[in-house]
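Undergrad: Using only what follows, build the 3D model:
(one chain, ligands or ions: 1)
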Amino acid sequence: MKALVFDQHGGLETLRIADLPVPQPGSFDALVRVHAAALNHLDLHTRRGIPGLKLPLPHVGGSDVAGVVGQVGSEVGQEWLGRRVIINPALACGRCSFCRAGEQSLCDQFKILGEHTTGGFAEYIVVPATNLYAIPNDYSFEQAAAVPLAFQTAWRALIGQAKLKPGERVAILGAGGGVATAAIQIAKLTGAYVYAITSTPEKEQRARDLGADETINYRNSDFAKELWQRTGKRGVHVVLENVGPATWGQSVRSLARGGRLVTFGATTGRAAETDLNLLFFKQLHLIGSTMANYAEFDAVMGLVFSGKLRPVVDRVLRLDDGIEAQRLLESGEQFGKIVLEVAGEE
Ligand code: ZN
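TA: Coordinates of the predicted model:
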């Protein structure tokens with residue numbers, strides 16, 4: 001089968017299209033014929049190399065997959081055969097105390113499909129059947145592939161972790177990203193007032209189209225100062241962060257007393273300074289979040305596939321254009337998800 005792989009950690013030059021054997025499902029697994037796979041920043045981090053993460057090479061990335069179940073293991077229900085599915089990329093052991101308590105993303109064995117395991121930038125993928133999620137027949141594979149990682153990440157960060165409430169003010173950074181485009185919609189559905197922080201007038205317009213109440217272009221203003229002014233010097237209750245050191249100081253300064261900053265990524269680096277005086281005097285909460293537990297996944301997928309939330313797809317390329325797709329994501333020019341079409345509709 002055809003797959004987009006990298007042979008060593010590094011830049012775009014490490015990527016190539018390879019011919020790999022079709023994987024075989026174990027007793028509790030399913031083989032999915034991939035129709036579409038969406039990119040995430042995680043794919044770029046994994047390719048460049050994540051300290052402490054040792055991967056067998058060549059590696060197939062790709063955490064977001066939509067396709068059709070082609071084969072199932074002996075312990076998996078036959079009803080899955082031929083079903084159109086997405087895959088929940090959050091993998092957990094299913095046996096530990098966290099998993100038994102329904103907190104899979106805190107599992108010691110927690111892994112992300114395509115980061116720690118072989119991913120979906122390929123014609124076929126094998127996954128645990130517990131991670132299959134059936135999708136409606138009229139939902140396109142390209143749209144569906146854009147959903148799993150971004151929507152569960154946004155949902156847990158805003159709802160599970162920040163406990164965002166109606167009427168609260170929330171600032172969402174990097175508004176062109178997949179998680180942010182999900183987060184803007186989730187925050188509006190919750191009844192919050194949304195400030196989208198982004199980098200170009202075009203992205204500001206797109207963020208407003210998604211429901212953002214106000215936008216700020218961080219390229220030509222100090223967004224913390226701007227938020228402070230626009231909120232009558234009160235600040236926002238919640239900031240959703242994934243930028244890291246480039247924005248961290250401003251994100252902390254944007255918070256109201258008792259405010260919550262949730263971070264789920266660190267695109268511009270791993271180390272940032274926090275003003276400790278602000279942290280204790282304003283009684284701020286700094287919260288880390290990753291992916292979601294399985295109940296949160298089901299909750300947000302229900303909202304997506306009933307049409308209350310919708311994925312934003314910037315563009316669809318072919319698997320053969322996987323290198324160009326990663327270059328585009330790296331450039332940061334996209335608004336929403338970049339999706340690879342892997343096979344035609346059946
Ligand atoms: Zn576990």
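
Undergrad: got the contact list for the nearest residue to Cys96 once chain neighbours are set aside?
TA: Nearest residue to Cys96, sequence neighbours excluded (C-beta to C-beta, 6 or more residues apart in numbering): Cys107, at 5.6 Å. For the C-beta atoms, the positions are set from N, CA and C on the backbone; glycine is no exception. Applying C-beta atoms under 8 Å, 6 or more residues apart in numbering, we find Cys107 in contact with Ala92, Cys93, Cys96, Phe98, Cys99.

Undergrad: Return the member of the residues you listed nearest to Pro166.
TA: Relative to Pro166, the closest of the contacts of Cys107 is Phe98; by C-beta to C-beta it sits at 30.0 Å.

Undergrad: Tell me, what's the model's pLDDT at that closest one?
TA: In this model, Phe98 is scored at 97, pLDDT.

Undergrad: Tell me who's in contact with it.
TA: Ala92, Gln104, Leu106, Cys107, Asp108.

Undergrad: how about the helix or strand encompassing it, does it get close to the ion?
TA: Secondary structure from DSSP states H and E places Phe98 in helix 97-100. Yes: Helix 97-100 is in contact with the ion by C-beta under 5 Å from the ion, via Cys99.

Undergrad: Just the buried ones among the contacts of Cys107, please.
TA: Buried by 16 or more other C-beta atoms under 10 Å: Ala92, Cys96, Phe98, Cys99, out of these.

Undergrad: quick one: the first one from Val239, how far?
TA: In this structure, Ala92 and Val239 are 28 Å apart, going by C-beta to C-beta, to the nearest Å.

Undergrad: and after the helix or strand harbouring Val239, which helix or strand comes next?
TA: Element membership for Val239, per DSSP H and E: strand 236-241. Using DSSP H and E, the helix or strand that directly follows strand 236-241 along the chain is helix 248-253.

Undergrad: what's in contact with that following helix?
TA: 171, 173, 218, 222-224, 228, 239, 241, 243, 261, 272-275, 278-279, 284, 286.

Undergrad: Now intersect these with the strands, please.
TA: Counting by DSSP state E, the contacts of helix 248-253 place Ala171, Leu173, Val239, Glu241, Leu261, Leu286 in strands.

Undergrad: ok, those residues vs the ion, which is closest?
TA: Using C-beta to the ion, Leu286 is the member of these that sits closest to the ion, with 25.4 Å.

Undergrad: What's opposite the closest one in the beta bridge?
TA: Beta bridges link Leu286 to Leu261 when assigned by DSSP bridges.

Undergrad: picking up where we left off before, tell me the one among the buried ones among the contacts of Cys107 nearest to Gln334.
TA: Using C-beta to C-beta, Ala92 is the member of the buried ones among the contacts of Cys107 that sits closest to Gln334, with 30.2 Å.

Undergrad: Please read off the pLDDT at that closest one from the model.
TA: 97.

Undergrad: for Gly344, same thing?
TA: As predicted, Gly344 sits at a pLDDT of 55.

Undergrad: Pull the most distant pair out of the contacts of Phe98.
TA: Farthest pair in the contacts of Phe98, by C-beta to C-beta: Gln104 and Asp108, 11.1 Å.

Undergrad: out of the two, which sits in the busier spot?
TA: Gln104 (26 against 10; other C-beta atoms under 10 Å).

Undergrad: residues in contact with the more buried one?
TA: Counting by C-beta under 8 Å, 6+ apart, Gln104 touches Ala90, Ala92, Gly94, Phe98, Phe110, Asn293, Tyr294.
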